[in-house]
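**Student:** No sequence on hand, only this structure:
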């Protein structure tokens, strides 16, 4: 045999050997994954043995919780399974879903971290800021940022909010009397405008700059993509996900969001180089959100890294505008579909504010019925429909049933707010539930979560909700569009599948 032929034979043989070895390794890996799947599933089945649930497929889990049917089916389960039930996403992935206020109180009174399996998927978008941090880093950041929400800081924001809202209402005046309009996009631009001016010292107006519509769309895409990814067994691996069409879209949308954040940070740094601006900041008793971050020093004396800075800005940029936009939009829908309550709010506001041209901080505590209506709308349509914790120690609930360490618990705020054992006739819009003398469980109403990790911007958001409802009802009557009834879409933020459409009647 010639030398070349011998070499060729050896080459073919080595290739064949390599393929055989790769096949064996592939089979071993597959076997390892199958054993891992089986053992984890058995552990979950044992962990949930005290908690019955609807029948689930051994691999595909609870297929009945499709997006369009998710919330109705959770409510149906709530009628059958008291306290909570295991919800299987697939054969080795399950979340224990709770909706009982006593269960909520137990979990929110602990120091369990955010569930790493779900929330880590947000990291490429918002990084490890206040939403995703756990333990001591979270505590340090929370303590550092809390002064940004002191009432001395929030007071002057009322005028800034009012200016942004009036700009949106001016745009609506041009549209009033026409066909119904999709309000979420308008409201989202307004809430972004507000947070940019209040928290990030932005000088321009987001609502008249078309460049910001791309950012709004990116946030919407990232909401939707996160929801889909959490529920897809094949998209849990970062490498596999990055190769998919959804992964590529998520990467593109994240980059757009980061570019926006980087511009905000860069612009504020440039403003602070101006001695006049710097002197204004130094004279302030308290700093705005972004200025706190830029001047912050950690316990070791170091300033925040660029990565930490961007993560906190990304987090608050999203939470400060998207969740509030959801709240405002659903409040408007609730008032539009309950005209008698809308009119009663309007009369209260007219007596308090006249035409609303000079709404101030002091007015916000003098609109009790409007506040009751806002809270009742937040009960029916909580902006964040659910949150997740991962048990870092075993837990025993008040009824004696328990779960081991390592279980992921979904606190379904939407189901809690529709729990008929907590709220009689839960689907009825009844603001009297929030009358000052109405008794209720301490953990029956959680639109801003609860416990140590409640929403740091709760007061900021409530102020904005009051101002926007007040100014809007003084200028418009809100009417529903019976041909476009919104369908609830549970994502990170509660939205409507095809938008929220209302008719606007100028007063």
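**Tutor:** Okay, I see it. None of the values given here were measured: they were computed from a predicted structure. Numbers count the residues shown, from 1 in each chain.
**Student:** residues making contact with the helix or strand encompassing residue 279?
**Tutor:** When elements are assigned from DSSP states H and E, residue 279 belongs to helix 275-283. Helix 275-283 is contacted from outside by 271-272, 287, 291, using Cβ atoms under 8 Å, 6 or more residues apart in numbering. Yep, even glycine has a C-beta here, placed from its N, CA and C like the rest.
**Student:** so how far is it from its chain's centroid?
**Tutor:** 34 Å (Cα atoms, centre = their mean, to the nearest Å).
**Student:** shouldn't residue 359 be in contact with residue 464?
**Tutor:** No. Counting by Cβ atoms under 8 Å, residue 359 does not reach residue 464; the two are 11.7 Å apart.
**Student:** From the contacts of helix 275-283, which land in helices?
**Tutor:** Using DSSP state H, the subset of the contacts of helix 275-283 located in helices is 271-272, 291.
**Student:** wait, which of these is closest to residue 428?
**Tutor:** Minimum distance to residue 428 across the ones in helices among the contacts of helix 275-283 is 45.2 Å, recorded for residue 291 (Cβ to Cβ).
**Student:** nearest residue to the closest one other than its sequence neighbours?
**Tutor:** residue 281 (5.8 Å; Cβ to Cβ, 6 or more residues apart in numbering).
**Student:** could you pull out the strands for the stretch 101-250 of the chain?
**Tutor:** 181-182 (DSSP state E, counting those that start in this stretch).
**Student:** Same check on the stretch 301-450 of the chain?
**Tutor:** Counting by DSSP E, counting those that start in this stretch, the strands of the stretch 301-450 of the chain are 386-390, 395-396, 402-403, 408-412.
**Student:** closest one to residue 472 among those?
**Tutor:** Residue 472 lies closest, by Cβ to Cβ, to one member of the strands of the stretch 301-450 of the chain: strand 386-390, at 28.3 Å.
**Student:** what angle separates the closest one from strand 408-412?
**Tutor:** Between the axes of strand 386-390 and strand 408-412, defined by axes from the mean of the first three to the mean of the last three Cα atoms, to 10 degrees, the angle is 160 degrees.
**Student:** avg pLDDT for strand 386-390?
**Tutor:** Strand 386-390 shows a mean pLDDT of 95.
**Student:** Confirm for me that residue 474 is in contact with residue 506.
**Tutor:** No. Counting by Cβ under 8 Å, residue 474 stays clear of residue 506, with 11.1 Å between them.
**Student:** how about stretch 150-166: buried residues?
**Tutor:** Neighbour-count burial for stretch 150-166 flags 153-154, 157-158, 160-162, 164-166 (criterion: 16 or more other Cβ atoms under 10 Å).
**Student:** Select from the ones in helices among the contacts of helix 275-283 the one having the most neighbours.
**Tutor:** residue 291 (19 neighbours; other Cβ atoms under 10 Å).
**Student:** The stretch 351-500 of the chain: helices as residue ranges?
**Tutor:** 368-380, 413-417, 458-473 (DSSP state H, counting those that start in this stretch).
**Student:** circling back to that earlier point, among the contacts of helix 275-283, which pair sits farthest apart?
**Tutor:** So, the contacts of helix 275-283 by Cβ to Cβ: farthest apart are 271 and 287, at 13.6 Å.
**Student:** who touches both of those two?
**Tutor:** Contact with both residue 271 and residue 287 is made by no residue, according to Cβ under 8 Å, 6+ apart.
**Student:** In contact with the spatially closest residue to residue 260 that is not a sequence neighbour: list those residues for me.
**Tutor:** With sequence-adjacent residues excluded and distances taken as Cβ to Cβ, 6+ apart, residue 260 is closest to residue 215, at 4.7 Å. For residue 215, the contact set (Cβ under 8 Å, 6+ apart) comprises 192, 256-257, 260.
**Student:** quick one on the thing from earlier: show me which of residue 359 and residue 464 is the more surrounded one.
**Tutor:** For residue 359 versus residue 464, neighbours defined as other Cβ under 10 Å are more numerous around residue 464 (29 against 25).
**Student:** about what we covered before: gap between the residue nearest to residue 260 and residue 253?
**Tutor:** Per Cβ to Cβ, to the nearest Å, residue 215 is found 10 Å from residue 253.
**Student:** thought residue 225 was touching residue 251?
**Tutor:** No. Using Cβ under 8 Å, residue 225 is not in contact with residue 251; the gap is 9.9 Å.
**Student:** okay, those two: which has more neighbours?
**Tutor:** Set residue 225 next to residue 251 and count neighbours by other Cβ under 10 Å: residue 225 wins out with 22 against 15.
**Student:** Which residue, other than its chain neighbours, is closest to that one?
**Tutor:** Residue 225 sits nearest to residue 250 (Cβ to Cβ, 6+ apart), 4.6 Å away.
**Student:** Which pLDDT value belongs to that neighbour?
**Tutor:** At residue 250, the pLDDT recorded in the model is 96.
**Student:** Any idea how many residues pack against it?
**Tutor:** For residue 250, the count of nearby residues is 25 (other Cβ under 10 Å).
**Student:** which two from the contacts of residue 215 end up farthest apart in space?
**Tutor:** 192 and 256 (13.9 Å).
**Student:** Report the two of the buried residues of stretch 150-166 separated the most.
**Tutor:** 153 and 166, at 21.8 Å, using Cβ to Cβ across the buried residues of stretch 150-166.
**Student:** pLDDT weak spots in the stretch 301-450 of the chain?
**Tutor:** By pLDDT under 70, the weakly predicted segments of the stretch 301-450 of the chain are 301-302.
**Student:** er, the stretch 151-300 of the chain I mean
**Tutor:** The stretch 151-300 of the chain contains residues with pLDDT under 70 at 275, 285, 297-300.
**Student:** which residues in it form helices?
**Tutor:** Going by DSSP H, counting those that start in this stretch, the stretch 151-300 of the chain shows helices at 151-154, 157-175, 183-200, 212-230, 238-243, 245-272, 275-283, 289-295.
**Student:** Of all these, which one is nearest residue 432?
**Tutor:** Residue 432 lies closest to helix 183-200 among those, at 26.4 Å (Cβ to Cβ).
**Student:** tell me what that closest one is packed against?
**Tutor:** helix 157-175, helix 212-230, helix 245-272, helix 289-295, helix 306-336, helix 458-473 (3 or more Cβ pairs under 8 Å, 6 or more residues apart in numbering; DSSP states H and E).
**Student:** if I look at residue 388, how far off is residue 108?
**Tutor:** When residue 388 is compared with residue 108 (using Cβ to Cβ), they lie 12 Å apart.
**Student:** okay, and the common contacts of those two?
**Tutor:** In contact with both residue 388 and residue 108: residue 411, using Cβ under 8 Å, 6+ apart.
**Student:** contacting residues around stretch 122-136?
**Tutor:** The contact list for stretch 122-136 (Cβ under 8 Å, 6+ apart) reads 113-114, 119-120, 137-138, 141-142, 145, 222, 226, 250-251, 253-254, 257, 307-308, 310-316, 318-319, 456, 492.
**Student:** ok, back up a step: relative to residue 470, which of the ones in helices among the contacts of helix 275-283 is nearest.
**Tutor:** The closest of the ones in helices among the contacts of helix 275-283 to residue 470 turns out to be residue 291 (Cβ to Cβ; 28.7 Å).
**Student:** Quick check: that closest one touching residue 200?
**Tutor:** No. Taking contacts as Cβ under 8 Å, residue 291 lies outside contact range of residue 200: 9.1 Å.
**Student:** Parallel or antiparallel, list what pairs with the helix or strand hosting residue 97.
**Tutor:** Using DSSP H and E, the element containing residue 97 is strand 93-98. Applying DSSP bridges, strand 93-98 is found paired with strand 84-90 (antiparallel), strand 408-412 (parallel).
**Student:** Just put those in a markdown table and tack on distance to residue 30 and mean neighbour count.
**Tutor:** Formatted as a markdown table, these follow (distance: least, Cβ to Cβ, whole Å; neighbours: other Cβ atoms under 10 Å):
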| stretch | distance to residue 30 | mean neighbour count |
| --- | --- | --- |
| strand 84-90 | 17 | 23 |
| strand 408-412 | 26 | 24 |
